[in-house]
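Chemist: generate a structure from the sequence data that follows.
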Amino acid sequence: MRAPWGVATVLTAVCVTLLAGCAPVAEKSLGITADDVASVEYYEYPWGDVPDTIDRLTLDVPEVLSEFVRAYSDMPVTDASPSDLNDLTGGQTQSTRFVLTDGRKIEITAVWLGPADVIVLWPDGTVSKTEWGSPELFDAYDSVGTVDEVDAAERPAATLGR
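Modeler: This is a model prediction of the structure:
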């Protein structure tokens, strides 16, 4: 027995809607190698109401620099939706400033919505969503770097492109 045209049309519409909601996964990179990086400045703070001072972790150990570059190389991403950006206030934020050997600086920021749910603000102004990252990086690397308390204004600039 064949399904009536109305049922088939509705089922087709539902399938198309479900497939359209699945954003394709792409890979995104900063476009640098570990050899390009002289040091990394790393900050963690809450998004929104940032305290006046925050800790900055400075790293210059080649193996660690390589790990930081790898974290932003071939990262699987999808486009962030407007609803993803609605309420980031208070979310754990990680900003990284790559200080390059030629003196340039590249800044990138990630805001945690939850486990394996991260918004990434790229230096080119795009905003992506990824499952990559670790919320406890500061504690993982503070023994191999230098921690300084700095004015929060020193953190990498991060704005949400809408």
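Chemist: contacts only, for residue 56.
Modeler: Contacts for residue 56 (C-beta atoms under 8 Å, 6 or more residues apart in numbering) come out as 41-43, 147-150, 154-155. Glycine gets a C-beta too; all of them are placed from N, C-alpha and C.
Chemist: the helices in this structure, which residues?
Modeler: Assigned by DSSP state H, the chain shows helices spanning 5-20, 62-71, 137-141.
Chemist: among the contacts of residue 56, which lie within strands?
Modeler: Using DSSP state E, the members of those that fall within strands are 41-43, 147-150.
Chemist: residue 77 touches residue 128, doesn't it?
Modeler: Yes. Using C-beta atoms under 8 Å, residue 77 makes contact with residue 128 at a distance of 3.7 Å.
Chemist: give the residues shared as contacts by those two.
Modeler: With C-beta under 8 Å, 6+ apart, residue 77 and residue 128 have common neighbours 28, 120.
Chemist: buried stuff in stretch 133-148?
Modeler: In terms of neighbour count (16 or more other C-beta atoms under 10 Å), stretch 133-148 has its buried residues at 133, 137-138, 141, 145.
Chemist: please save the CA atoms from it in PDB.
Modeler: C-alpha atoms of stretch 133-148 as PDB (Å, rounded to 0.1, in the frame of the first residue of the first chain):
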ATOM      1  CA  GLY A 133      39.500  22.500  24.200                       C
ATOM      2  CA  SER A 134      40.200  22.000  27.900                       C
ATOM      3  CA  PRO A 135      38.700  24.200  30.600                       C
ATOM      4  CA  GLU A 136      41.700  23.700  33.000                       C
ATOM      5  CA  LEU A 137      44.600  24.900  30.900                       C
ATOM      6  CA  PHE A 138      45.900  27.500  33.300                       C
ATOM      7  CA  ASP A 139      46.400  24.900  36.100                       C
ATOM      8  CA  ALA A 140      47.900  22.500  33.700                       C
ATOM      9  CA  TYR A 141      50.700  24.800  32.600                       C
ATOM     10  CA  ASP A 142      51.300  27.200  35.500                       C
ATOM     11  CA  SER A 143      54.300  25.200  36.700                       C
ATOM     12  CA  VAL A 144      56.100  25.600  33.300                       C
ATOM     13  CA  GLY A 145      55.400  29.300  32.800                       C
ATOM     14  CA  THR A 146      55.400  32.600  34.700                       C
ATOM     15  CA  VAL A 147      52.200  33.800  36.400                       C
ATOM     16  CA  ASP A 148      51.700  37.600  36.900                       C
END
